[in-house]
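Chemist: predicted structure and sequence below. I'll ask about it afterward.
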Amino acid sequence: MNWVRAFLAPLMGVIVAAALVLWLWVPDLRIVVRVGLPVLVLWLGLVLVAAVLITRAVRRRLRRAEERGRRWALEEAQSEHRLFVARLDHELKNPLAALSLAVTNLQQGPADPATDRTLAGVRTQVDRLTRLVSDLRKVNDLSAAELERERVDLVEVLREVTMTLAEVPAYADRSVELSVHEAPWPVGPVDGDRELLFVAFYNVVLNALKYSTDGPVHVHARSDGVNVTIEVSDTGIGVPAADQEAMWQELSRGGNVGHVAGSGLGLPLVATIVDLHRGSVGARSQEGVGTRVEVSLPLAG
């Protein structure tokens, strides 16, 4: 029995000691279960919530940093573009003026049909380049301009546009049909610069006339109670699919415009003006079928 005493005595001592510890430190295991478990769950929950909040905060900061980076890059690109156009305007203005003067002097010389035809061609190109540089500068200046806002009735502006284009001899026999959808929301005024809005819609309707040889041009105005939307549709040559992405970029022209005169600055000017008015502009086009340009502007508050 010695082995019993030698084995059981320490075992009993350990059991008694463990029981004593449990009695002293953990008097009631149910308390541990009832109190400790909820505390543990609460703690884990707090850790999880904190982790989620920290993750969201980090993501939000990253998104803001990315947005700031994109805005900075865009502003930097716009600033460099404005600087480039300003330098271009400065560098070309004087040589173009000198060329124009030289052509004028030569045209006043002795008459010679061949020379006159050549000078007329040079004059046309000089004038075209002068207008191009001037239009580039206008778009450039406009992109950084502050608007003088007023309540503008877009329907009145559209009527003025159609009347003005009707007086252009090249389009005197063309039809521009203006329709206004007044239900359920009337086409209310917008806050903006009336002259600039006239320029924008003049260019859109002019393009519709210029790139279509027959058929009416439809101008439709409607509202959804939040925005005013103007659609200008034609049945002209359309824009090739490969050129549609670039059609709002400066100096971009469709590959099918052929001999139709243009600078590639009309739609970029429209986009700049619409952007200044916190609006949106887009187009749907199919080559050989026609084009629809849609301009949306927020209603006046």
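Modeler: Yep, it's here. Numbering: from 1, shown residues only.
Chemist: residues near residue 148, how many?
Modeler: 10 (other C-beta atoms under 10 Å). C-beta: built from backbone N, CA, C; applies to glycine.
Chemist: I'd say it and residue 193 touch.
Modeler: Yes. Contact criterion C-beta atoms under 8 Å: residue 148 and residue 193 qualify, at 5.7 Å.
Chemist: show me what contacts the residue nearest to residue 243 when sequence neighbours are not counted?
Modeler: Excluding the flanking residues, the one nearest residue 243 by C-beta to C-beta, 6 or more residues apart in numbering is residue 254, at 4.6 Å. Residues near residue 254 by C-beta atoms under 8 Å, 6 or more residues apart in numbering: 237, 239, 240, 243, 247.
Chemist: just among those, which is most surrounded?
Modeler: Going by other C-beta under 10 Å, residue 239 tops the contacts of residue 254 with 25 neighbours.
Chemist: right, and that residue touches residue 247 too?
Modeler: Yes. With contact defined as C-beta under 8 Å, residue 239 counts as touching residue 247 (5.7 Å).
Chemist: overlap of the contact sets of those two?
Modeler: What both residue 239 and residue 247 touch, as defined by C-beta under 8 Å, 6+ apart, is the set 254, 283.
Chemist: quick one, strands of the stretch 151-300 of the chain?
Modeler: Secondary structure of the stretch 151-300 of the chain by DSSP state E, counting those that start in this stretch: the strands cover 176-180, 190-192, 217-223, 227-234, 280-286, 290-298.
Chemist: in stretch 130-149, what counts as buried?
Modeler: 130, 132, 133, 135, 136, 137, 138, 139, 140, 142, 143 (16 or more other C-beta atoms under 10 Å).
Chemist: in this protein, which ranges drop under the pLDDT threshold?
Modeler: Along the chain, the model assigns pLDDT under 70 to residues 1-38, 40, 144.
Chemist: 50 - rerun?
Modeler: Regions of the chain meeting the criterion pLDDT under 50 are absent.
Chemist: downstream neighbour of the lengthiest helix in the chain in the secondary structure list?
Modeler: Using DSSP state H, we find that the single longest helix of the chain is helix 37-107. Sequence-wise, the next helix or strand downstream of helix 37-107 (DSSP states H and E) is helix 113-143.
Chemist: check contacts around the nearest residue to residue 292 once chain neighbours are set aside.
Modeler: Taking C-beta to C-beta, 6+ apart, and ignoring the residues beside it in sequence, residue 292 has residue 233 as its nearest neighbour in space, at 4.4 Å. Listed by C-beta under 8 Å, 6+ apart, the contact partners of residue 233 are 208, 217, 218, 220, 290, 291, 292, 293.
Chemist: repeat for residue 103
Modeler: Contacts of residue 103 by C-beta under 8 Å, 6+ apart are 119, 122, 123, 126.
Chemist: neighbours around the spatially closest residue to residue 250 that is not a sequence neighbour, how many?
Modeler: Nearest residue to residue 250 in three dimensions, chain neighbours excluded: residue 268, at 4.7 Å (C-beta to C-beta, 6+ apart). Residue 268 has 22 neighbouring residues, counting by other C-beta under 10 Å.
Chemist: am I right that residue 155 is in contact with residue 189?
Modeler: No. Counting by C-beta under 8 Å, residue 155 stays clear of residue 189, with 9.3 Å between them.
Chemist: look at these two and report which has more neighbours.
Modeler: residue 155 (19 against 16).
Chemist: could you pull up the residues touching the more buried one?
Modeler: Neighbours of residue 155 in contact, by C-beta under 8 Å, 6+ apart: 178, 180, 187, 221.
Chemist: CSV for these, including distance to residue 62?
Modeler: CSV is the format used below for these (distance: C-beta to C-beta, whole Å):
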residue, distance to residue 62
178, 49
180, 47
187, 42
221, 43
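Chemist: how far away is the nearest residue to residue 136 once chain neighbours are set aside from residue 264?
Modeler: Distances taken as C-beta to C-beta, 6+ apart place residue 85 nearest to residue 136, at 5.3 Å, with adjacent residues excluded. Distance, residue 85 to residue 264, by C-beta to C-beta, to the nearest Å: 14 Å.
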